[in-house]
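Colleague: A structural model of the following input is requested.
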Amino acid sequence: NVNDDAYIDILDFGGYIGRSGQSPGASTTCSTPPIHPDFSGNGSIGTEDFTFIQSNFLVARDPDPCGNPLAAEPPVVDITIADLVARGEWEAARGDLNLDGRLNAADITFAAEHGLPACRADFNHIGGSSVQDIFDFVRLWMDGHPAADINDDRHVSVQDIFDFLSLWFAGC
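Modeller: Predicted coordinates for the structure are as follows:
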């Protein structure tokens, strides 16, 4: 469970996408703050971790090995990006792969149809970099969407525009 709540739900998918490709190391302890998307324990976040979420979607998590009680809240299956940001779940908000302003099953379907993001210049994740990627980036940048945080500093700023354009000109 990526965010240590009671279920493997859409928030876990979002947290996985937000940290996909990173290598946090294989060892996490009870003092390591969430999010923990390395389900395989191999030290990196890859497709095997997505498979775990996909196979266990909406399953209640195992008891907390650190002894923390589980909240009795139902699983989250649909949430707006604005609500995720307000809750402080910036990484999960980056899981909005279809860029519709919501994190839900449509993003999982999008990942299944288009694959997981492989190139940051392909902002809309539909294959290669095109002028449409620039338009989609600017639209989300204007909205302050976490996907437009290209430099991963948890803020959408002018620097993200320059960083995105550098990636875009480099291509996929």
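Colleague: switch to C-alpha atoms for all contacts and neighbour counts from now on
Modeller: Will do.
Colleague: distance of the residue nearest to residue 126 when sequence neighbours are not counted from residue 108?
Modeller: The spatially closest residue to residue 126, leaving aside those adjacent along the chain, is residue 114, at 6.3 Å (Cα to Cα, 6 or more residues apart in numbering). Relative to residue 108, residue 114 is positioned 10 Å away (Cα to Cα, to the nearest Å).
Colleague: what are the ranges of the helices in the chain?
Modeller: Secondary structure of the chain (DSSP state H): helices located at 10-19, 47-55, 81-86, 90-93, 105-114, 131-143, 158-170.
Colleague: list the contacts for the residue of the chain positioned farthest from its centre?
Modeller: Of all residues in the chain, residue 67 has its C-alpha farthest from the mean position, at 26.7 Å, by Cα atoms, centre = their mean. Residues near residue 67 by Cα atoms under 8 Å, 6 or more residues apart in numbering: none.
Colleague: gap between the nearest residue to residue 129 once chain neighbours are set aside and residue 24?
Modeller: Using Cα to Cα, 6+ apart and skipping the chain neighbours, the partner closest in space to residue 129 is residue 122 (4.6 Å). From residue 122 across to residue 24, the span is 24 Å (Cα to Cα).
Colleague: Compare neighbour counts for these two and give me the winner.
Modeller: Counted by other Cα atoms under 10 Å, residue 122 and residue 24 do not tie: residue 122 has more neighbours, with 24 against 16.
Colleague: what residues are up against that one?
Modeller: 128-130, 133, 168, 172.
Colleague: what's the answer for residue 109, then?
Modeller: Contacts of residue 109 by Cα under 8 Å, 6+ apart: none found.
Colleague: Kindly state the pLDDT recorded for it?
Modeller: pLDDT for residue 109: 92.
Colleague: now residue 106
Modeller: pLDDT recorded at residue 106 is 95.
Colleague: Same question for the one 10 residues further on.
Modeller: Among the per-residue scores, residue 116 holds a pLDDT of 81.
Colleague: Now stretch 139-152: buried residues?
Modeller: Applying a neighbour-count criterion of 16 or more other Cα atoms under 10 Å, one finds 140-141, 144-150 buried in stretch 139-152.
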